[in-house]
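Novice: Predicted coordinates and the sequence they were generated for:
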Amino acid sequence: MTSRQLAILLIEDNEDDVYFMELALSRAHLEPPIHIADNGQDALDYLSGAGKYADRNVHPLPQCIFLDLKLPFIDGFEILEWIQGQPALRNIPVIILTSSPEEADRQRARQLGARAYPVKPPTPEMLLDALKASPGCLPESR
């Protein structure tokens with residue numbers, strides 16, 4: 001890695017999908033710190049530094065966000081809209097990682113600023129392609 005450590009926020013409510021994401025990253029030879037928010041409200045709290053996420057040394061802003069669309073409390077589209085309204089966050093690349101292959105969902109996600117849209121389960125190649133398509137997600141040396 002370079003001097004800038006990659007940190008990822010994975011917004012995912014399914015423990016199996018979290019496992020497969022971590023496995024795919026490892027197989028892609030990327031083992032960044034992964035911070036996990038398991039519902040939409042938790043994600044907004046993490047990104048805004050609220051409550052238990054107030055300490056940015058422990059819960060840093062990510063360089064990249066992987067976002068599921070179907071989440072409890074607040075869905076992925078609402079999170080995308082919220083991120084776009086936050087000047088300090090809107091330039092963090094968001095990659096949708098969802099089970100929905102629907103073209104309407106893909107188009108809406110793109111309109112809301114998503115950089116890539118791989119469909120679950122992720123493979124190492126899918127993750128690398130999505131990260132390469134999202135400037136700022138990979139350390140400069142990759």
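Specialist: Arrived safely, thanks for sending.
Novice: Where does S134 fall, secondary structure wise?
Specialist: For S134, there is no helix or strand it lies in under DSSP states H and E.
Novice: Return the helix of greatest length in the chain as CSV; C-alpha atoms alone will do.
Specialist: Using DSSP state H, we find that the single longest helix of the chain is helix 15-27. Below are the C-alpha coordinates for helix 15-27, written out as CSV (Å, rounded to 0.1, in the frame of the first residue of the first chain):
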residue,chain,number,x,y,z
GLU,A,15,-23.8,-11.2,7.5
ASP,A,16,-23.2,-13.7,4.6
ASP,A,17,-22.8,-10.9,2.1
VAL,A,18,-20.3,-9.2,4.5
TYR,A,19,-18.3,-12.4,4.6
PHE,A,20,-18.3,-12.8,0.8
MET,A,21,-17.2,-9.2,0.4
GLU,A,22,-14.3,-9.6,2.8
LEU,A,23,-13.4,-12.9,1.1
ALA,A,24,-13.4,-11.3,-2.4
LEU,A,25,-11.3,-8.3,-1.2
SER,A,26,-8.8,-10.7,0.3
ARG,A,27,-8.6,-12.8,-2.9
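Novice: Go ahead and confirm I36 touches V18.
Specialist: Yes - counting by CB atoms under 8 Å, I36 does reach V18; the two are 6.0 Å apart. The C-beta positions use only the backbone N, C-alpha and C, and glycine is treated the same way.
Novice: who touches both of these two?
Specialist: L10, E12 (CB atoms under 8 Å, 6 or more residues apart in numbering).
Novice: Just give the closest residue to A116, not the sequence neighbours.
Specialist: A130 (3.8 Å; CB to CB, 6 or more residues apart in numbering).
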